[in-house]
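Q: got a predicted model here, sequence first, then my questions.
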Amino acid sequence: MAHSDEERPGPEHPERSNQDLWQRVKGRLRTEVGEDIFTSWFARMDLDGIEHDTVRLSVATRFLKTWTQSHYGEKVLLCWQAEMPTVRRIDIVVRSAVIKSTATPAKSPDPLPPARETHKAEGGEPRHPATPPSSNQEVHGGSPLDPRLTFDTFVVGRSNTLAHAAAKQVAVARRNDPVMFNPLLIHAGVGLGKTHLLQAIAWMGNLQPDRKVLYLTAERFMFSFVSALRNQTAIAFKEALRGIDVLVIDDLQFLQGKQTQAEFSHTLNSLIDGGRQVVIAADRPPMDLESLDERVRSRLAGGLVVEMGSLAEDLRLQILNSRVALARVHHPGFDVPEPVLAYIAKSVTHNGRDLEGALNRLLAHSKLTGQPVTMDLAEREIRDLIRPQEPKRVKIEDIQRIVARHYNVSRGDLLSSRRTANVVRPRQVAMYLAKTLTLRSLPEIGRRFGGRDHTTVLHAVRKIENLVGNDSTLAEEIEALKRQLQE
């Protein structure tokens with residue numbers, strides 16, 4: 001007898017059981033590390049197999065293997081042991097050690113072409129984009145480009161109009177044109193289209209044969225720099241980078257290492273001072289990139305900083321319609337009724353990748369079963385993608401400003417070394433709120449409060465925690481401050 005969808009597969013389906021187990025482990029990982037880190041490091045990690053007490057996982061690149069092993073290896077093991085106590089070892093392998101040339105990108109096995117959040121031809125009907133012309137990405141050691149992430153497939157809405165316009169301006173500029181804004185930094189949360197815009201710049205820029213445009217992820221920059229140091233080719237690496245007309249760096253928040261950051265800073269200054277264009281994407285504005293050197297943050301803040309907001313419901317519906325149109329190029333019989341699209345647009349609010357996942361599931365069901373897409377099917381298939389609204393992301397600067405105003409002191413007082421009672425208590429409250437309402441570490445919080453040691457922050461947090469339990473007036477004050485910060 002066939003198993004129902006709700007039954008847990010038995011031992012006769014070990015492969016399916018392992019994949020179900022892997023899904024639960026990934027759920028634990030997502031909770032442990034947060035959505036941004038999970039999407040960046042684990043979303044494309046696959047389970048290759050389980051042998052005795054060893055779990056074998058695979059990733060796409062050697063850098064991902066090294067990074068996940070050194071930074072998250074123990075956490076991955078603990079998450080596996082929570083689901084399968086017999087596991088004693090995690091083995092991470094590289095699926096392929098060769099990065100294919102972006103001039104001839106491999107065909108994607110995905111049911112739908114991947115979209116960062118936007119796929120619609122501007123000013124016309126959605127269409128499947130032709131593969132853009134070959135670029136010099138591989139020649140210059142750049143990161144692979146996805147031929148579908150072009151300006152033609154980007155849906156423009158209220159939340160991304162300025163970012164799109166700025167990116168297009170950079171892309172269409174000629175080699176000797178004066179640079180309008182430099183650097184251009186686009187920041188947004190996961191899945192809102194940063195990478196799409198940056199790759200669109202690279203594709204369009206490479207249409208000009210005399211213009212050198214290079215797209216690099218922060219991870220690729222770090223990997224290339226370290227390799228150059230190891231192979232004693234650092235000078236050639238620096239000269240090659242500084243000969244680029246447009247340098248495009250994605251996911252800057254992952255740039256790590258004092259020496260690597262110093263080289264990035266030198267490259268950034270050299271390009272900007274030489275009138276070359278620099279475009280950067282990150283998940284937060286420059287001054288919130290606390291892992292970066294202060295000089296780099298200051299230089300980034302001196303350019304044009306543009307935020308891409310969350311996707312409004314009407315934009316999500318446009319994206320879904322365009323994605324269905326693109327899918328029909330390869331699957332002519334695929335159809336999603338308008339009420340179903342409207343339901344998905346209203347319910348799946350987190351980001352464009354969740355929208356992509358929702359349609360992938362409906363397409364897979366349609367192709368594999370031959371059954372039409374219905375509202376019942378959609379409600380069943382996408383229920384795990386319907387997430388509660390994320391609370392407002394609180395910034396330490398906002399905490400300092402609101403606490404200072406509440407206690408009638410200045411923000412400078414909170415950051416100063418003053419030890420008077422009217423300053424110490426507000427400072428401790430502000431540190432406590434920074435620890436409880438943000439994801440910042442104790443050392444980061446201490447640094448933002450006048451360069452204090454993390455033990456000072458820990459003392460403040462414990463002090464306020466103890467007082468709140470015994471002082472109802474202070475507890476009410478803190479709750480009121482939390483409400484102000486989260487409104």
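A: Structure received. It should be emphasised that the depicted structure is a prediction, and the values quoted were computed from it without experimental measurement.
Q: could I get the phi/psi values of Gly49?
A: The phi/psi pair for Gly49 (degrees, to the nearest 10) reads phi 170, psi 170.
Q: show me the contacts for it.
A: For Gly49, the contacting residues are 18, 55-56, by Cβ atoms under 8 Å, 6 or more residues apart in numbering. C-beta: built from backbone N, CA, C; applies to glycine.
Q: same check on Thr374?
A: Contacts of Thr374 (Cβ under 8 Å, 6+ apart): 337, 340.
Q: what pLDDT is listed against it?
A: You'll see Thr374 listed with a pLDDT of 84.
Q: with Phe254 instead?
A: At Phe254, the pLDDT value in this model is 83.
Q: now for the closest residue in space to it that isn't next to it in sequence, how many residues are close by?
A: Leaving aside its chain neighbours, Phe254 sits nearest to Ala218 (4.4 Å; criterion: Cβ to Cβ, 6 or more residues apart in numbering). Ala218: 21 surrounding residues under other Cβ atoms under 10 Å.
Q: mind checking how far Ala218 is from Thr349?
A: Note on Ala218: its distance to Thr349, by Cβ to Cβ, to the nearest Å, is 28 Å.
Q: also Thr260?
A: In terms of Cβ to Cβ, Thr260 sits 36 Å off from Thr349.
Q: thinking Ala82 is in contact with Arg28, fair?
A: Yes. The pair Ala82 and Arg28 qualifies as a contact (Cβ atoms under 8 Å) at a distance of 6.1 Å.
Q: neighbour count: the two, which is higher?
A: Taking neighbours as other Cβ under 10 Å, Ala82 and Arg28 compare with Arg28 leading, 16 against 13.
Q: and the more buried one, how far from Pro85?
A: In terms of Cβ to Cβ, Arg28 sits 14 Å off from Pro85.
Q: swap in Val348?
A: Val348 is 35 Å from Pro85, by Cβ to Cβ.
Q: neighbour-wise, which of these two wins?
A: Neighbours were counted for Val348 and for Pro85 using other Cβ under 10 Å; Val348 has more, 23 against 9.
Q: show me what contacts the more buried one?
A: 316, 354-355, 358, 382, 385-386 are the contacts of Val348 under Cβ under 8 Å, 6+ apart.
Q: I'd like these as CSV, with distance to Ser143 appended.
A: CSV is the format used below for those (distance: Cβ to Cβ, whole Å):
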residue, distance to Ser143
Arg316, 28
Asp354, 24
Leu355, 24
Ala358, 27
Ile382, 31
Leu385, 28
Ile386, 33
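Q: in strands, which of those residues fall?
A: Per DSSP state E, strands hold no members of those.
Q: specify which member of those is nearest to Arg299.
A: The closest of those to Arg299 turns out to be Asp354 (Cβ to Cβ; 34.3 Å).
Q: that closest one contacts Val190, doesn't it?
A: No. With contact defined as Cβ under 8 Å, Asp354 does not count as touching Val190 (9.9 Å).
Q: which neighbours do those two share?
A: What both Asp354 and Val190 touch, as defined by Cβ under 8 Å, 6+ apart, is an empty set.
Q: still on that earlier bit, please tell me how far the residue nearest to Phe254 sits from Arg427.
A: In terms of Cβ to Cβ, Ala218 sits 34 Å off from Arg427.
Q: and the residue nearest the centre of this protein?
A: In the chain, the centroid-proximal residue (Cα atoms, centre = their mean) is Val190; its distance is 3.9 Å.
Q: quick check, pLDDT for it.
A: 80.
Q: then the one 10 residues further on?
A: Here the pLDDT value assigned to Ala200 is 89.
Q: was I right to think Glu381 contacts Ala358?
A: Yes. Counting by Cβ under 8 Å, Glu381 touches Ala358, with 7.4 Å between them.
Q: more neighbours: which of these two?
A: Each of Glu381 and Ala358 has its neighbours counted (other Cβ under 10 Å); Ala358 has more, 25 against 18.
Q: which residue, neighbours along the chain excluded, lies closest to that one?
A: Nearest residue to Ala358, sequence neighbours excluded (Cβ to Cβ, 6+ apart): Ile382, at 4.6 Å.
Q: report the contact partners of that neighbour.
A: Counting by Cβ under 8 Å, 6+ apart, Ile382 has contacts 344, 347-348, 357-358, 361.
Q: ok, it to Glu35 distance?
A: 17 Å.
Q: same check, this time on Asn470
A: 36 Å.
Q: the two - which one has more neighbours?
A: With neighbours defined as other Cβ under 10 Å, Asn470 and Glu35 compare such that Glu35 has more, 17 against 8.
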